[in-house]
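**Student:** structure for this input, please:
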Amino acid sequence: MAEPPLESGDRIDEFPRSASPVSHPGLVQVEEARRRIAAIVKATPLVPSPGLSRHAGVPVRLKGESLQETGSFKVRGAANALLSLDPEQAAVGVVAASSGNHGKAVAHVARLLGVPATVCVSARVPRHKVEAIEGLAAKVVVAGPDQDDADAEARRLARQGLTLIHPFDDPEVIAGQGTIGLEILEAFPECTVMVVPLSGGGLVSGIAAAAKGVAPGIAVYGVSQERGPAMHASLEAGRLVEVVEEDTLADALAGGLGQDNRHTFEMCRELLSGTVLVSEGEIAHAMAYLDDEHGWRAEGGGAVGVAALLEGRIPLDGPTAVVVSGGNVGDDTFRRALEAARRDG
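**Tutor:** Below is the predicted model of the structure:
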């Protein structure tokens, strides 16, 4: 039976579909990426969540990308992109703009492969994430107050000869992130719904491309924070839009899409069933829930999918997988989030 119409801001926001097919990485490219990165990236566990299953009324499993060596899913796309470099590109080096996790992943893989790496960040990136990147022998450039400034600086350095490893709008990065979708369906073939954090769209579009390549009827939903949700706002408007970047517990999801977005906007518009927003308090609650129920230390951006399920914002029609995308959160931020969640009940 069809879901009743929903008001904007209620549970889920639908968006118009393009009339023309979108050219993007698909199942073949994701399968190639999986073979390419196998020696660097581990398969993460997909664990049952009894509490969420009772709450949602359907079987729910959590995909623990926060348990990756670098603390987030980003290592998948970074590994696929760096392993796709030609020898000359590898010798000269790479540059990335990052809100933290992508930069850490690029630095980690670059060090393993002996590739020089520069990571551009904004002043909003938490200090512990900057220190983690520096600890992996990458050069860090603080480019300005917002993620758009970091992106502009990375593009400037790319014009000087470095190879840009884009955090989301890159076919190799998207295909690498899509390997998560393959792992979910192999471990959980009865899955009918996937719930995935949404920022620039590299993660969710890669997962959706892989999942729908295997099971075309599967529903994939993206979840963003209320503060500065660039992809959600763009999908709602039917075009690329700029948003004001704000401080948020989900700092890993911050930043714009760029006006030259070539892949993820169209992929999300074609492949997603919809998008959901969650508040700062709901994110904190989800972080506390994951800590209490699973002993997982999730950052805000990694916990948004769980927040959406706890708040009943995703229409579920069967077994559901939720991606917990990262766990790189500072001690003080984590403590304050848990204290606020437990205080507010």
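**Student:** show me where the stretch 51-200 of the chain has helices.
**Tutor:** Assigned by DSSP state H, counting those that start in this stretch, the helices in the stretch 51-200 of the chain fall at 74-83, 87-92, 101-113, 127-134, 147-159, 171-187.
**Student:** quick one: closest of those to L46.
**Tutor:** helix 171-187 (4.6 Å; Cβ to Cβ). For glycine as for every other residue, the C-beta is placed from the backbone atoms N, C-alpha and C.
**Student:** ok, and for stretch 149-164, which residues are buried?
**Tutor:** D149, A150, D151, E153, A154, R155, L157, A158, L162, T163, L164 (16 or more other Cβ atoms under 10 Å).
**Student:** show residues contacting that stretch.
**Tutor:** 85, 89, 92-99, 118, 120-122, 141, 143-144, 255-256, 258 (Cβ atoms under 8 Å, 6 or more residues apart in numbering).
**Student:** same check on stretch 331-342?
**Tutor:** By Cβ under 8 Å, 6+ apart, the residues outside stretch 331-342 that reach it are 126, 128, 249, 281, 283-285, 287-289, 291, 297, 299-300, 329.
**Student:** which of the residues in stretch 336-345 are buried?
**Tutor:** Going by 16+ other Cβ under 10 Å, stretch 336-345 has these buried residues: A337, L338, A340, A341.
**Student:** and the two most separated of those residues?
**Tutor:** It's L338 and A340 that sit farthest apart of those, by Cβ to Cβ, at 7.4 Å.
**Student:** which stretches in the protein count as strands?
**Tutor:** Secondary structure of the chain (DSSP state E): strands located at 46-48, 60-64, 94-97, 117-122, 139-144, 163-164, 193-197, 219-225, 274-278, 320-324.
**Student:** can you put these in TSV and add mean pLDDT?
**Tutor:** Output for these, formatted as TSV (pLDDT from 0 to 100):
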stretch	mean pLDDT
strand 46-48	98
strand 60-64	98
strand 94-97	96
strand 117-122	95
strand 139-144	92
strand 163-164	96
strand 193-197	98
strand 219-225	98
strand 274-278	97
strand 320-324	98
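**Student:** contact partners for L272?
**Tutor:** Neighbour list for L272: V204, S205, A208, V220, Y221, G222, L235 [criterion: Cβ under 8 Å, 6+ apart].
**Student:** how much space between G176 and L113?
**Tutor:** Separation of G176 from L113 (Cβ to Cβ, to the nearest Å): 14 Å.
**Student:** for M231, that is, sorry about that
**Tutor:** Applying Cβ to Cβ, the value for M231 to L113 is 30 Å.
**Student:** so which of those two has more stuff around it?
**Tutor:** Set M231 next to L113 and count neighbours by other Cβ atoms under 10 Å: M231 wins out with 29 against 15.
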